[in-house]
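Here's my sequence, what's the structure:
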Amino acid sequence: MAAEPRLPDRLRFSEFTLDRLATGRCRARVVLTWQETTEFEGLSEGLTSQAGELRCAAEACVMALTKAVKGEIKFELLGVKAVRAFDANVVIVSMAVPGQAEGQRLVGCFLTPDADPSRGAALAVLNATNRILGNRFFMR
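Below you'll find the predicted structure:
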C-alpha cells in the first residue's frame with residue numbers, strides 16, 4: 001500500500017518571551033514555525049500593565065502570522081481581555097479580517113495558568129485564526 005502524501009503542517013507556536021523594561025514598557029516576541037524549518041518572528045512593544053502586556057503579546061503573534069501568510073491575509077486585533085470563568089482564567093481575543101465582503105470577525109480563547117496570561121493571549125490569536133489559515137492558506 002502506497003503512503004499517502006503528507007499535507008502541509010499547520011503553524012506551530014514555538015517561542016514566546018515578554019520582557020518588562022525599566023521604562024514602564026514591555027516587549028513581546030513570538031516565534032511561529034512551519035514544517036519545523038521555517039520560522040516567523042513577531043515583535044511588539046506596549047505599556048507594562050495587565051491589559052498592555054496582553055495586547056502586546058497578541059500583537060506580536062499577529063505580526064508573526066502576517067509574515068507567515070506573506071501579507072495575503074490581513075489581520076486586525078480588535079481587543080484582548082482576561083476573564084475569570086468557571087474557576088479558571090481565560091484570555092479572549094477579538095479580531096477582524098479586513099477586505100472580506102462582510103468584514104469577517106474572529107474570536108479565539110485560551111485557558112491560561114495564573115502565571116502567564118500574556119502567553120495565553122498569543123495562543124488565543126492562533127486559536128482564532130487556525131481555521132482560516134488551515135483552510136485558505138496552507139491547504140491550497
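
how far away is residue 21 from residue 89?
Separation of residue 21 from residue 89 (Cβ to Cβ, to the nearest Å) stands at 25 Å. Placement of C-beta: from N, CA and C, glycine included.

Show me which of the two is the more surrounded one.
residue 89 (17 against 10; other Cβ atoms under 10 Å).

For the more buried one, which non-adjacent residue is closest in space?
Spatial nearest neighbour of residue 89, excluding adjacent residues (Cβ to Cβ, 6 or more residues apart in numbering): residue 112 at 5.2 Å.

was I right about the one you found contacting residue 93?
No - using Cβ atoms under 8 Å, residue 112 is not in contact with residue 93; the gap is 11.9 Å.

which residues touch residue 50?
Residues counted as contacts of residue 50 (Cβ atoms under 8 Å, 6 or more residues apart in numbering) are 82, 117.

ditto for residue 52
So residue 52 contacts 26, 46 (Cβ under 8 Å, 6+ apart).

Noted, bye for now.
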